[in-house]
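> Need coordinates for the below:
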Amino acid sequence: MKIGGLLKTFWADMNSPEGKETFRFALRLFLILFAYYLMKPVREGLILDGGSAEIRSYALAAQATVLLMLVPFYSILIRRLHGDRLFHWVTMFLAGNIMLFYFAGSVGMHIGVLFFIWLGIFSVVQISQFWTMVSDYHSVEKGKQLTSYIAIGGSLGAMIGAMVAKFMYIQLGTYGLMLVAIAMLVIAVLVPSTDFTRKRESHESKEESIQHLLGGLKRVMDVPYLRWIAVSVVLLNLINSTGEFILADFVTAEKHGEEIGAFYATFYLYVNIATLLLQAFVVRPLYQVVGVGGALIGLAVINLSMYLSVLFLPFLAWFTIVKIADNSIDYSVANTTKQILFLPLDRFTRYEGMLAINTFFTRFGDLIQGGMIYLTINFAGLPPVYLVGTNVVLCLLWLLVTIKVSRKFKYRSQQAEEHGYARLD
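Reported below is the predicted structural model:
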């Protein structure tokens, strides 16, 4: 499709009532990811300077354990708060957490591991509750059209946040960047509320509620479609987090002190530039050409090819390029596709399923990764580069799972149309 045609379609979409609400969603995601990418190089510098890639991997594993405890509390919260109210409460609570880390670090407390764990939880909880709010508004068809625009806003925020972190890391310092991140989250709360009077119609019983303490986890176990999505997310995150460990090992072998934070600030900037380009010019045309299921399968093929190349070029320079490509594809195509996969479901199945998958299952791969790295390095005594071969095997397994998920998504979308979940009020 020509650029003029894309701009014409964009203008038509954004001038619709749904398009105006989409702009507000995009602005909020812009601010959330701006704040998040200000803090990402901060967390890497805090944990790797004087620490190690192995400690980082165990901190990732700890995130999954904490998230498992948070799932039931969040299930209770979404019963009482919806839409903007849920967003406001969660966002202000997390902004207050950053302020606590700011004061603790300023007085000389060692916050590296705790901040690393917390930021991982921030990314999952904050972004998960944002997308559940979006899915409560969009139908399946409108979601396919407009979710990519919302994600573009997020990609812009991530890129600009990474850019500010890269050029201001030395000037503002670790704790100065934290203060800027708090300001971004407060502004996100002040964005005008979304008009949920136009939200998608749902025919599920008004009497239905979350009956189980681990409601989200039980819902995933009860619904085969959600189980396959969960397996796909676990494998994808296991591949990505193992790759992050390999990168951290390369970095700590060659860089020290502020060089580590500076490297990651540059790394995340390039990741987010690539993410923005993919989100703006590739994601939606890709769905039009191969569909949502085809895009998911294509991701697995690309990941497999990239990690195969690292077997022959196991160097920091090449692996940095691979991880830039890996992360940018994950943050753009994979993340947008994952959100669309939930659209054919009724509200309670969506909320509980998204909660469990976007929190616990997203980080369960990190828990497995921690054990896998411990066995590889401490038990088997093998160098970290052997984990590249492990990722190749995991990519093959993920490819098989994505084929199954794409088939079930097609079936569920047809069911949603028949039962009315896809219609607007």
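
> Check the gap between residue 123 and residue 355 for me.
15 Å (Cβ to Cβ, to the nearest Å). The C-beta positions use only the backbone N, C-alpha and C, and glycine is treated the same way.

> of the two, who's got more company?
residue 355 (28 against 18; other Cβ atoms under 10 Å).

> Find the nearest non-adjacent residue to the more buried one, please.
Leaving out its chain neighbours, the residue that sits closest to residue 355 by Cβ to Cβ, 6 or more residues apart in numbering is residue 216, at 4.2 Å.

> try residue 322
residue 306 (4.9 Å).

> wait, what's in contact with the one you found?
Contact analysis of residue 306 by Cβ atoms under 8 Å, 6 or more residues apart in numbering lists 322, 325-326.

> need the residues you listed in TSV with distance to residue 101 and neighbour count, can you?
TSV is the format used below for the contacts of residue 306 (distance: Cβ to Cβ, whole Å; neighbours: other Cβ atoms under 10 Å):
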residue	distance to residue 101	neighbour count
322	32	20
325	32	17
326	28	24
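
> which stretch of helix or strand covers the nearest residue in space to residue 29 that is not next to it in sequence?
Nearest non-adjacent residue to residue 29, counting by Cβ to Cβ, 6+ apart: residue 154, 3.9 Å away. Residue 154 is part of helix 140-190, with elements assigned from DSSP states H and E.

> and what of residue 265?
Assigned by DSSP H and E, residue 265 falls in helix 258-281.

> Could you give me the buried positions within that helix?
260-276, 278-280 (16 or more other Cβ atoms under 10 Å).

> ok, and what's touching it?
Residues from elsewhere that reach helix 258-281, judged by Cβ under 8 Å, 6+ apart: 6, 37, 40-42, 44-45, 48-49, 148, 151-152, 154-156, 158-159, 161-163, 165-166, 169-170, 174, 251-252, 255, 320, 323-325, 327-329, 331-333, 336.

> contacting residues for the residue nearest to residue 29?
26, 29-30, 32-33, 279.

> What's the separation between it and residue 41?
From residue 154 to residue 41 the distance is 18 Å (Cβ to Cβ).

> Can you check the pLDDT for residue 349?
Note for residue 349: predicted pLDDT of 81.

> From here on, call the first residue 297.
Sure, I'll start counting at 297 from here, so that last one is residue 645.

> any idea how far residue 444 is from it?
Taken as Cβ to Cβ, the spacing of residue 645 relative to residue 444 amounts to 23 Å.

> So between the two, which is more surrounded?
Shown here are residue 645 and residue 444; by other Cβ under 10 Å, residue 444 has more neighbours (26 against 20).

> mind showing which ranges of the stretch 447-596 of the chain have poor pLDDT?
Counting by pLDDT under 70, the low-confidence segments of the stretch 447-596 of the chain come to 489-511.

> can you map out the helices along the stretch 597-721 of the chain?
612-625, 631-637, 643-652, 658-670, 683-715 (DSSP state H, counting those that start in this stretch).

> Compare those helices and give me the one nearest residue 394.
helix 658-670 (19.8 Å; Cβ to Cβ).

> how about the closest one as PDB, C-alpha atoms only?
Written as PDB, here are the backbone C-alpha positions of helix 658-670 (Å, rounded to 0.1, in the frame of the first residue of the first chain):
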ATOM      1  CA  THR A 658       4.600 -13.600  31.200                       C
ATOM      2  CA  ARG A 659       7.200 -13.900  34.000                       C
ATOM      3  CA  PHE A 660       6.900 -17.700  34.500                       C
ATOM      4  CA  GLY A 661       9.400 -18.000  31.600                       C
ATOM      5  CA  ASP A 662      11.800 -15.900  33.800                       C
ATOM      6  CA  LEU A 663      11.400 -18.400  36.600                       C
ATOM      7  CA  ILE A 664      12.200 -21.300  34.300                       C
ATOM      8  CA  GLN A 665      15.100 -19.300  32.900                       C
ATOM      9  CA  GLY A 666      16.600 -18.800  36.300                       C
ATOM     10  CA  GLY A 667      16.600 -22.600  36.900                       C
ATOM     11  CA  MET A 668      17.900 -23.300  33.500                       C
ATOM     12  CA  ILE A 669      20.900 -20.900  33.900                       C
ATOM     13  CA  TYR A 670      21.700 -22.300  37.300                       C
END
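
> Quick one: list the elements packing against that helix.
helix 349-376, helix 408-431, helix 520-550, helix 683-715 (3 or more Cβ pairs under 8 Å, 6 or more residues apart in numbering; DSSP states H and E).
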